[in-house]
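J.: Build me a model:
(one chain, ligands or ions: 1)
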Amino acid sequence: MMSMDDQDEIPVLIEHEGNEPRKVPLTIICGFLGAGKSTLLKRILTEQHGFRIAVIMNEFGDTADIEAKTINVASEGEQSEEFLELANGCLCCSIKDTGISAIEKLMERKGAFDHILLETTGLADPGPIAALFWHNEEFATGLGRDISLDGVICVVDAVFGPQQIEEDRGSDTVGESLRQIAGADILLLNKIDLASPESVASTAALLRGVNPAAPIHQTVRAEIDVSLLLGVRAFTAPPAIPPTHDHDHDHEHKAEPTHYELRGITSLLVAVPVLSRSRLNALDEWIRTVLWEQRLPSDAEASPTLTVLRCKGLFVLDSGEQYVLQGVRSMYELVEAEDALGVPDAGKLVLIGTGLDARVRTSLQGVWA
Ligand SMILES: Nc1nc2c(ncn2[C@@H]2O[C@H](COP(=O)(O)OP(=O)(O)OP(=O)(O)O)[C@@H](O)[C@H]2O)c(=O)[nH]1
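T.: Just a heads-up that it's a prediction; the model follows:
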């Protein structure tokens, strides 16, 4: 498995693995500081929703007072993990050091739960964590082979979110809040009771501008049907990309003018016509060149501004087959859709990152022109 950090290795496309035993899906929760991650977890840990969820938190904090059936403490050297079995069937696990050992411990109890939620600390970039769980070879040979990444949820503060994004925009690099939004499969716009409807709408538009592929759920105290968050199979199912319209979806061209000029992060949503097999191969090569070499195939040199943080796509072949593209940074896979979704008459591709301008769109469209 590849990342841009492994400069020395030659990237290899992941092969489709075919039939394999059911894996436990894992969902990553990230979010802005104080946006409501703990509130969401507490809700999941206490509500009767019928899901047996194992939650991995950095610390129990004020959720430790939740009524627990049994408490198990496992200590190994300096590591210590605690497990709480909760009345609603959830299993709660605290991690104080690296997440992996806690997750491996948890997997020894496989059967006690059917979904894992992993909370990250505020303002952590979910990209590397998602990459870890997503076809990480080292991890995949251990207990982690039984885990599949279901999706990344980002909780955004409706009050301070815009300000946080504004601050990120002021920094020279792409800030963490933008990376979080860009890397999410689901966005929770929380605390909408504390913001005016106009402000909530403008923040939602801002989020859509950064990440047009993720549904946005507006919540108060993270109140949401848990089934909207889990089992989305963001990394194996065809992505629920909004329909493409005639007008451009580049951030620069968005209808909603926003005073948050999103420095750095842009998104490109392109309709892809029905492709022949050879065009799909050409598209694969285009994606590979952009993701791994940070250049357009027509350019000799890498572009310092061209970065793809996240990509998703659904491509339809003239044979009727459908292919799903999923990528986190320089890692991506292009596999035949597990269950073809009806017969869409065309495909689409979403790229989220930096430097995704009109030249990139033109170059991409040149693949099938
Ligand atoms: N009014 C209002 N308050 C909320 C809402 N959601 C969360 N809060 C409050 O906001 C504060 C922060 O919420 P947390 O759930 O702790 O946020 P967090 O993202 O876990 O915070 P960190 O872990 O510190 O990053 C708490 O006091 C919550 O009770 C909401 O929708 N409306």
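
J.: residue ranges with poor pLDDT in the stretch 151-300 of the chain?
T.: 169-174, 232-264 (pLDDT under 70).

J.: and with 50 instead?
T.: Across the stretch 151-300 of the chain, residues meeting the criterion (pLDDT under 50) sit at 244-261.

J.: now for the strand or helix carrying residue 199, which elements pack on it?
T.: Residue 199 is part of helix 197-210 when elements are defined by DSSP states H and E. The contact analysis (3 or more Cβ pairs under 8 Å, 6 or more residues apart in numbering; DSSP states H and E) places helix 197-210 against helix 161-170, helix 176-183, strand 186-190, strand 216-219, strand 265-272. C-beta: built from backbone N, CA, C; applies to glycine.

J.: got the buried residues for that helix?
T.: Residues 200, 202-210 are the ones in helix 197-210 that count as buried (16 or more other Cβ atoms under 10 Å).

J.: is it anywhere near the ligand?
T.: No - if you take Cβ under 6 Å from any ligand atom as the test, helix 197-210 misses the ligand, and the best it gets is 11.3 Å.

J.: Dump the buried residues of helix 197-210 to a markdown table, plus distance to residue 302.
T.: A markdown table is the format used below for these (distance: Cβ to Cβ, whole Å):
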| residue | distance to residue 302 |
| --- | --- |
| 200 | 40 |
| 202 | 36 |
| 203 | 34 |
| 204 | 35 |
| 205 | 32 |
| 206 | 30 |
| 207 | 30 |
| 208 | 29 |
| 209 | 26 |
| 210 | 24 |
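
J.: wait, which of those residues is closest to the ligand?
T.: The shortest approach to the ligand among those belongs to residue 200, at 11.3 Å (Cβ to the nearest ligand atom).

J.: isn't that closest one right next to residue 219, touching?
T.: No - using Cβ atoms under 8 Å, residue 200 is not in contact with residue 219; the gap is 10.7 Å.

J.: Quick check: neighbours shared by the two?
T.: Residues touching both residue 200 and residue 219 (Cβ atoms under 8 Å, 6 or more residues apart in numbering): 189, 192.

J.: can you list the residues of this protein near the ligand?
T.: Residues of the chain found near the ligand (Cβ under 6 Å from any ligand atom) are 31, 33-39, 122, 155, 190-191, 193-194, 220-222.

J.: out of those, which are inside strands?
T.: Cross-referencing those against strands under DSSP state E gives 31, 155, 190.

J.: need these in a markdown table with distance to residue 365, can you?
T.: Shown next, in a markdown table, are those (distance: Cβ to Cβ, whole Å):
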| residue | distance to residue 365 |
| --- | --- |
| 31 | 35 |
| 155 | 36 |
| 190 | 38 |
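
J.: out of those residues, which is most surrounded?
T.: Using other Cβ atoms under 10 Å as the neighbour criterion, residue 31 leads these with 31 neighbours.

J.: doesn't residue 155 make contact with it?
T.: Yes - in this structure, residue 31 is within contact of residue 155 by Cβ under 8 Å, at 3.2 Å.

J.: Return every residue with contacts to both of the two.
T.: Counting by Cβ under 8 Å, 6+ apart, the contacts common to residue 31 and residue 155 are 37, 188.

J.: Measure how buried residue 331 is and give me the count.
T.: 22.

J.: Tell me the bridge partners for it.
T.: residue 328 (DSSP bridges).

J.: Can you tell me how far it is from the ligand?
T.: 27 Å (Cβ to the nearest ligand atom, to the nearest Å).

J.: coming back round to it: so of the residues of the chain next to the ligand, which ones are in helices?
T.: In this view, the residues of the chain next to the ligand that belong to helices under DSSP state H are 37-39.
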